[in-house]
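Undergrad: got a structure for you, letters missing:
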DNA sequence: ATCCTATCCTGGCTGC
DNA sequence: TGCAGCCAGGATAGGA
């Protein structure tokens, strides 16, 4: 699923094809891709605008738009689970899952393709309404071990759902949360306010190294969905230590990887390496789906 | 404050 | 072979 490393890869690849281009024809094939906005309003916002710069915030793809050299709102995309962005010459058929297409002034077309229809593309003049709630970028200078420790103690949440919460830290999803927790030897059911400064520092380092390594590998592909805009799979799935490896031996200690369900998400861990969950009042949130 | 469930969606899988 | 039913998952809304 596209998480921070996949979205970063997409942005790096589409930037050179989109920056400087002006948007022409707007073709909306699935209304709800626009997230409630009307096709007319969307088209008015983007048609004729020029893309100045493309960048990433969390799992959002952001394109600064301009008209006559002046800022004119933003084109924002979120791939959710199965969204893809392809920039192709006009003759290339985007296939049956085409949801939205934007003509470009170099004769090419940017397609948003999304089998499961969860992805969204917005035009907005108030970028902060979309990005404002996000927590810090985990690869930014703002994200420090000290900040993480304090932030963990400001909440009383289980680690796994907290890492998935985009208002806590932006960009982690199910895969990289599991991988980072394993690398830091912390159980996904540990309570955030009971994590020591040393453990928080470990988690901080693990989140960063996992994401950086995954970016180098252009993300993870394993279910046929995620592909780079070049159409190539990423390769970080070859380095998964726990995700999707239930029953296989832990690469650190050899004990079998377990799969539990936390916050409705498949969660993978090594019980030997990652210790025990924090004791909670009442029964645990552990259910075997 | 935090948790849980349902919702949005479809392709792929399981089991009959 | 065909088909019903379940499952995955990011984000969010609403209820407990």
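TA: Looks like it came in fine. Since the model is a prediction, treat every value here as computed from it, not as a measurement.
Undergrad: around DNA strand C, which positions in the stretch 101-250 of chain A sit nearby?
TA: Residues of the stretch 101-250 of chain A found near DNA strand C (CB under 7 Å from any atom of the strand) are A:116, A:118, A:133, A:164, A:166, A:173, A:174, A:175. All C-beta spots, glycine's among them, are computed from the backbone N, C-alpha and C.
Undergrad: farthest-apart pair in the residues you listed, please.
TA: Across those, no pair lies farther apart than A:116 and A:133, at 23.4 Å, counting by CB to CB.
Undergrad: follow-up on the earlier one: most neighbours among the residues of the stretch 101-250 of chain A next to DNA strand C, which one is it?
TA: Each of these was scored for neighbours by other CB atoms under 10 Å, and residue A:175 scores highest at 25 neighbours.
Undergrad: separation between residue A:253 and residue A:169?
TA: 27 Å (CB to CB, to the nearest Å).
Undergrad: give me the more crowded residue out of the two.
TA: Taking other CB under 10 Å, residue A:253 and residue A:169 do not tie; residue A:169 has more neighbours (24 against 10).
Undergrad: show me what contacts that one?
TA: Residues in contact with residue A:169 (CB atoms under 8 Å, 6 or more residues apart in numbering) are A:135, A:136, A:138, A:143, A:163, A:207.
Undergrad: next, it: secondary structure please.
TA: Under DSSP: H, G, I helix; E, B strand; the rest coil, residue A:169 falls in the coil class.
Undergrad: so it versus residue A:257, what's the distance?
TA: For residue A:169 relative to residue A:257 (CB to CB), the value is 24 Å.
Undergrad: residues from chain A in reach of DNA strand B?
TA: A:32, A:96, A:115-118, A:155-158, A:161-162, A:224, A:263-264, A:285, A:287.
Undergrad: residue A:24 and residue A:104 touch, don't they?
TA: Yes - under the criterion of CB atoms under 8 Å, residue A:24 makes contact with residue A:104 at 6.7 Å.
Undergrad: more crowded one of the two?
TA: Neighbours were counted for residue A:24 and for residue A:104 using other CB under 10 Å; residue A:104 has more, 19 against 14.
Undergrad: bridged to the more buried one, which residues?
TA: For residue A:104, the beta-bridge partners are residue A:23 (DSSP bridges).
Undergrad: can you give me the pLDDT of it?
TA: pLDDT recorded at residue A:104 is 96.
Undergrad: now the one 4 residues further on
TA: Per-residue confidence (pLDDT) for residue A:108: 95.
Undergrad: just checking, it touches residue A:87?
TA: Yes - the criterion here is CB under 8 Å, and residue A:108 meets it with residue A:87 at 5.6 Å.
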